[in-house]
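>>> Sequence first, predicted model second:
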Amino acid sequence: QTTAATEPTYTVGTDVTFPPFEFANKNNKYVGIDIDLMKAIAKKEGFKVVIKPVGFNAAVQAVEANQMDAVIAGMSITPERKAKLAMTDPYYKSGVVMAVKSGSKVKRLSELRGKTVAVKTGTSSADYANSIAKKYGFKTVTFDDSNNVYQQVLTGNSVACFEDQPVMQYGIATGLKLKIVTKPAVSGYYGIAIADKSKAELLPKMNAGIVALKKDGTYNKIVTKYLGNGT
Ligand code: GLN
(Lines give C-alpha, C1' and ligand atoms only; values in the text may rest on other atoms or scores of the structure.)
Protein backbone atom coordinates (compact mmCIF):
# COMPACT_ATOMS: atom_id res chain seq x y z
CA GLN A 1 0.00 0.00 0.00
CA THR A 2 1.36 3.38 -1.00
CA THR A 3 0.51 6.72 0.55
CA ALA A 4 -0.53 8.00 -2.87
CA ALA A 5 -3.32 5.44 -3.05
CA THR A 6 -4.89 6.83 0.10
CA GLU A 7 -4.68 10.47 -0.92
CA PRO A 8 -8.03 12.10 -1.62
CA THR A 9 -8.60 13.80 -4.98
CA TYR A 10 -10.31 17.19 -5.27
CA THR A 11 -11.61 18.93 -8.37
CA VAL A 12 -10.54 22.56 -8.66
CA GLY A 13 -12.25 24.84 -11.14
CA THR A 14 -10.43 27.76 -12.70
CA ASP A 15 -10.60 30.41 -15.38
CA VAL A 16 -9.85 29.61 -19.02
CA THR A 17 -7.44 32.47 -19.42
CA PHE A 18 -6.27 34.85 -16.73
CA PRO A 19 -2.51 35.21 -17.09
CA PRO A 20 -0.27 35.20 -15.08
CA PHE A 21 -2.59 33.26 -12.75
CA GLU A 22 -3.90 30.61 -15.18
CA PHE A 23 -3.31 30.24 -18.91
CA ALA A 24 -2.19 27.80 -21.58
CA ASN A 25 1.50 28.33 -22.42
CA LYS A 26 3.17 27.94 -25.83
CA ASN A 27 3.22 24.17 -25.46
CA ASN A 28 -0.47 24.23 -24.63
CA LYS A 29 0.27 23.29 -21.05
CA TYR A 30 -1.94 24.85 -18.43
CA VAL A 31 0.25 26.95 -16.13
CA GLY A 32 0.31 30.06 -13.95
CA ILE A 33 0.71 31.28 -10.39
CA ASP A 34 -2.60 29.73 -9.26
CA ILE A 35 -1.91 26.42 -10.99
CA ASP A 36 1.57 26.08 -9.51
CA LEU A 37 0.30 27.21 -6.12
CA MET A 38 -2.54 24.68 -6.17
CA LYS A 39 -0.19 21.85 -7.10
CA ALA A 40 2.28 22.89 -4.41
CA ILE A 41 -0.45 23.04 -1.75
CA ALA A 42 -1.69 19.59 -2.79
CA LYS A 43 1.80 18.15 -2.59
CA LYS A 44 2.46 19.70 0.79
CA GLU A 45 -0.87 18.67 2.27
CA GLY A 46 -1.04 15.20 0.72
CA PHE A 47 -3.92 15.33 -1.71
CA LYS A 48 -4.42 15.18 -5.46
CA VAL A 49 -6.05 17.81 -7.64
CA VAL A 50 -7.77 17.70 -10.98
CA ILE A 51 -7.72 21.21 -12.50
CA LYS A 52 -10.79 22.12 -14.57
CA PRO A 53 -10.40 25.30 -16.67
CA VAL A 54 -14.11 25.88 -17.20
CA GLY A 55 -14.17 29.69 -16.98
CA PHE A 56 -14.46 31.97 -13.98
CA ASN A 57 -18.21 32.24 -13.60
CA ALA A 58 -18.78 28.57 -14.42
CA ALA A 59 -16.21 27.54 -11.81
CA VAL A 60 -17.81 29.68 -9.11
CA GLN A 61 -21.26 28.33 -9.94
CA ALA A 62 -20.03 24.73 -9.92
CA VAL A 63 -18.54 25.20 -6.46
CA GLU A 64 -21.65 26.96 -5.19
CA ALA A 65 -23.64 23.97 -6.43
CA ASN A 66 -21.22 21.52 -4.74
CA GLN A 67 -20.25 20.07 -8.13
CA MET A 68 -16.55 20.87 -7.68
CA ASP A 69 -14.48 21.13 -4.52
CA ALA A 70 -12.76 24.48 -5.00
CA VAL A 71 -12.04 27.47 -7.24
CA ILE A 72 -8.61 28.99 -7.68
CA ALA A 73 -8.87 31.76 -10.27
CA GLY A 74 -7.52 35.03 -8.97
CA MET A 75 -10.79 35.10 -7.04
CA SER A 76 -11.25 38.16 -4.87
CA ILE A 77 -12.34 37.62 -1.29
CA THR A 78 -15.50 39.68 -0.79
CA PRO A 79 -18.13 39.72 1.97
CA GLU A 80 -20.81 38.67 -0.57
CA ARG A 81 -18.80 35.62 -1.60
CA LYS A 82 -17.91 34.70 1.97
CA ALA A 83 -21.61 34.65 2.76
CA LYS A 84 -22.08 31.90 0.15
CA LEU A 85 -18.78 30.03 0.10
CA ALA A 86 -15.86 29.34 2.36
CA MET A 87 -12.74 31.21 1.27
CA THR A 88 -9.16 30.66 2.38
CA ASP A 89 -6.87 33.24 3.88
CA PRO A 90 -5.66 35.84 1.36
CA TYR A 91 -2.66 35.09 -0.85
CA TYR A 92 -2.30 37.90 -3.46
CA LYS A 93 -3.22 41.59 -3.46
CA SER A 94 -5.12 43.03 -6.40
CA GLY A 95 -7.38 45.87 -7.49
CA VAL A 96 -9.52 46.86 -10.47
CA VAL A 97 -8.22 49.19 -13.19
CA MET A 98 -9.71 50.73 -16.31
CA ALA A 99 -7.87 50.09 -19.58
CA VAL A 100 -8.34 51.57 -23.05
CA LYS A 101 -6.84 50.93 -26.49
CA SER A 102 -3.20 52.12 -26.59
CA GLY A 103 -3.83 55.07 -28.91
CA SER A 104 -7.00 56.23 -27.15
CA LYS A 105 -7.28 59.66 -25.55
CA VAL A 106 -9.79 58.48 -22.95
CA LYS A 107 -8.29 58.46 -19.49
CA ARG A 108 -11.04 59.20 -16.97
CA LEU A 109 -14.24 57.65 -15.75
CA SER A 110 -16.02 60.89 -16.63
CA GLU A 111 -15.12 60.36 -20.29
CA LEU A 112 -17.17 57.15 -20.40
CA ARG A 113 -20.51 58.96 -20.62
CA GLY A 114 -22.73 57.51 -23.36
CA LYS A 115 -20.13 54.80 -24.07
CA THR A 116 -19.93 51.04 -23.64
CA VAL A 117 -17.37 49.30 -21.45
CA ALA A 118 -16.54 45.59 -21.43
CA VAL A 119 -16.33 43.40 -18.32
CA LYS A 120 -16.19 39.71 -17.46
CA THR A 121 -19.25 37.84 -16.18
CA GLY A 122 -19.48 37.39 -12.43
CA THR A 123 -16.28 39.24 -11.54
CA SER A 124 -15.52 41.97 -9.04
CA SER A 125 -14.57 44.19 -12.02
CA ALA A 126 -18.08 43.75 -13.39
CA ASP A 127 -19.57 44.54 -9.98
CA TYR A 128 -17.41 47.63 -9.71
CA ALA A 129 -18.28 48.83 -13.23
CA ASN A 130 -21.98 48.25 -12.63
CA SER A 131 -21.82 50.12 -9.33
CA ILE A 132 -20.53 53.29 -11.03
CA ALA A 133 -22.24 52.92 -14.42
CA LYS A 134 -25.16 55.13 -13.54
CA LYS A 135 -23.05 57.87 -12.02
CA TYR A 136 -20.75 58.06 -15.05
CA GLY A 137 -23.46 57.31 -17.60
CA PHE A 138 -21.95 54.30 -19.36
CA LYS A 139 -23.29 50.86 -20.30
CA THR A 140 -21.57 47.55 -19.59
CA VAL A 141 -21.35 44.51 -21.85
CA THR A 142 -20.27 41.21 -20.35
CA PHE A 143 -18.20 38.35 -21.74
CA ASP A 144 -17.29 35.03 -20.16
CA ASP A 145 -13.54 35.31 -20.57
CA SER A 146 -10.92 38.03 -20.44
CA ASN A 147 -9.76 37.61 -24.04
CA ASN A 148 -13.17 38.54 -25.36
CA VAL A 149 -13.26 41.54 -23.03
CA TYR A 150 -9.92 42.79 -24.43
CA GLN A 151 -10.99 42.11 -28.03
CA GLN A 152 -14.00 44.37 -27.55
CA VAL A 153 -11.74 47.24 -26.67
CA LEU A 154 -9.19 46.46 -29.40
CA THR A 155 -11.90 46.41 -32.07
CA GLY A 156 -13.42 49.62 -30.73
CA ASN A 157 -16.79 48.07 -29.85
CA SER A 158 -16.15 49.17 -26.27
CA VAL A 159 -14.20 52.26 -25.31
CA ALA A 160 -12.71 50.67 -22.19
CA CYS A 161 -12.66 47.60 -19.99
CA PHE A 162 -12.28 46.97 -16.28
CA GLU A 163 -9.90 44.24 -15.22
CA ASP A 164 -7.71 43.16 -12.30
CA GLN A 165 -4.53 45.22 -12.26
CA PRO A 166 -1.91 42.42 -12.22
CA VAL A 167 -3.68 40.65 -15.08
CA MET A 168 -4.01 43.79 -17.17
CA GLN A 169 -0.37 44.69 -16.50
CA TYR A 170 0.83 41.24 -17.50
CA GLY A 171 -1.32 41.24 -20.64
CA ILE A 172 0.08 44.59 -21.73
CA ALA A 173 3.64 43.54 -20.94
CA THR A 174 3.14 40.47 -23.13
CA GLY A 175 1.80 42.36 -26.14
CA LEU A 176 -1.81 43.48 -25.68
CA LYS A 177 -2.23 46.90 -27.28
CA LEU A 178 -4.08 48.36 -24.31
CA LYS A 179 -3.08 50.83 -21.60
CA ILE A 180 -4.11 51.27 -17.98
CA VAL A 181 -5.48 54.73 -17.22
CA THR A 182 -6.74 54.59 -13.63
CA LYS A 183 -5.35 53.71 -10.23
CA PRO A 184 -6.58 50.43 -8.76
CA ALA A 185 -10.04 50.65 -7.18
CA VAL A 186 -11.76 48.19 -4.82
CA SER A 187 -8.46 46.71 -3.75
CA GLY A 188 -8.56 43.38 -2.01
CA TYR A 189 -7.00 39.96 -1.89
CA TYR A 190 -7.34 36.73 -3.81
CA GLY A 191 -8.33 33.59 -1.95
CA ILE A 192 -9.34 30.05 -2.83
CA ALA A 193 -13.07 29.28 -2.58
CA ILE A 194 -14.18 25.95 -1.15
CA ALA A 195 -17.49 24.14 -1.69
CA ASP A 196 -19.69 23.45 1.31
CA LYS A 197 -19.37 19.69 0.90
CA SER A 198 -15.57 19.89 1.11
CA LYS A 199 -15.17 22.72 3.58
CA ALA A 200 -14.54 20.66 6.70
CA GLU A 201 -11.61 18.71 5.30
CA LEU A 202 -10.29 20.99 2.56
CA LEU A 203 -10.36 24.49 4.06
CA PRO A 204 -7.83 23.71 6.83
CA LYS A 205 -5.55 21.94 4.35
CA MET A 206 -5.64 24.86 1.91
CA ASN A 207 -4.94 27.40 4.63
CA ALA A 208 -2.13 25.32 6.11
CA GLY A 209 -0.65 24.92 2.63
CA ILE A 210 -0.72 28.65 1.92
CA VAL A 211 0.98 29.43 5.24
CA ALA A 212 3.63 26.74 4.77
CA LEU A 213 4.46 27.76 1.19
CA LYS A 214 4.69 31.43 2.10
CA LYS A 215 6.99 30.51 4.96
CA ASP A 216 9.34 28.16 3.10
CA GLY A 217 9.80 30.48 0.10
CA THR A 218 7.92 28.34 -2.43
CA TYR A 219 5.19 30.93 -2.85
CA ASN A 220 7.69 33.67 -3.66
CA LYS A 221 9.47 31.39 -6.06
CA ILE A 222 6.21 30.74 -7.92
CA VAL A 223 5.32 34.43 -8.15
CA THR A 224 8.83 35.35 -9.29
CA LYS A 225 8.74 32.61 -11.94
CA TYR A 226 5.85 34.40 -13.65
CA LEU A 227 6.42 38.04 -12.73
CA GLY A 228 10.16 38.35 -12.26
CA ASN A 229 10.95 40.89 -9.62
CA GLY A 230 8.21 43.23 -10.83
CA THR A 231 4.83 43.28 -9.07
N1 GLN B 1 -10.61 38.97 -9.13
C2 GLN B 1 -11.80 38.98 -9.92
C3 GLN B 1 -12.94 38.34 -9.18
O4 GLN B 1 -12.73 37.65 -8.24
C5 GLN B 1 -11.61 38.34 -11.29
C6 GLN B 1 -11.34 36.87 -11.28
C7 GLN B 1 -11.21 36.30 -12.66
O8 GLN B 1 -11.58 36.96 -13.62
N9 GLN B 1 -10.69 35.11 -12.77
O10 GLN B 1 -14.07 38.50 -9.52
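Nice, I can see it.
>>> Chain neighbours aside, what residue packs nearest to the residue most central in space within the chain?
With distances taken as C-alpha atoms, centre = their mean, Gly74 lies nearest the centre of the chain, 2.4 Å away. Nearest non-adjacent residue to Gly74, counting by C-beta to C-beta, 6 or more residues apart in numbering: Phe21, 4.3 Å away. Where C-beta positions appear, they are placed from N, C-alpha and C, glycine not excepted.
>>> so where's the chain shaky on pLDDT?
Along the chain, the parts satisfying pLDDT under 70 run over 1-5, 229-231.
>>> need the residues of this structure near the ligand, please.
15, 18, 56, 73-76, 94, 120, 123-124, 164 (C-beta under 6 Å from any ligand atom).
>>> Start from the N-terminal end of the chain and give the helices.
3-6, 33-45, 56-64, 79-84, 124-136, 146-155, 165-173, 196-215, 218-227 (DSSP state H).
>>> For these, give me a markdown table that also has mean neighbour count.
Below are the helices of the chain laid out as a markdown table (neighbours: other C-beta atoms under 10 Å):
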| stretch | mean neighbour count |
| --- | --- |
| helix 3-6 | 7 |
| helix 33-45 | 21 |
| helix 56-64 | 22 |
| helix 79-84 | 11 |
| helix 124-136 | 17 |
| helix 146-155 | 19 |
| helix 165-173 | 21 |
| helix 196-215 | 17 |
| helix 218-227 | 16 |
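>>> what would those look like in a markdown table with distance to Ala99?
Shown next, in a markdown table, are these (distance: least, C-beta to C-beta, whole Å):
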| stretch | distance to Ala99 |
| --- | --- |
| helix 3-6 | 44 |
| helix 33-45 | 20 |
| helix 56-64 | 18 |
| helix 79-84 | 24 |
| helix 124-136 | 10 |
| helix 146-155 | 7 |
| helix 165-173 | 5 |
| helix 196-215 | 29 |
| helix 218-227 | 18 |
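>>> Okay then, goodbye and thanks.
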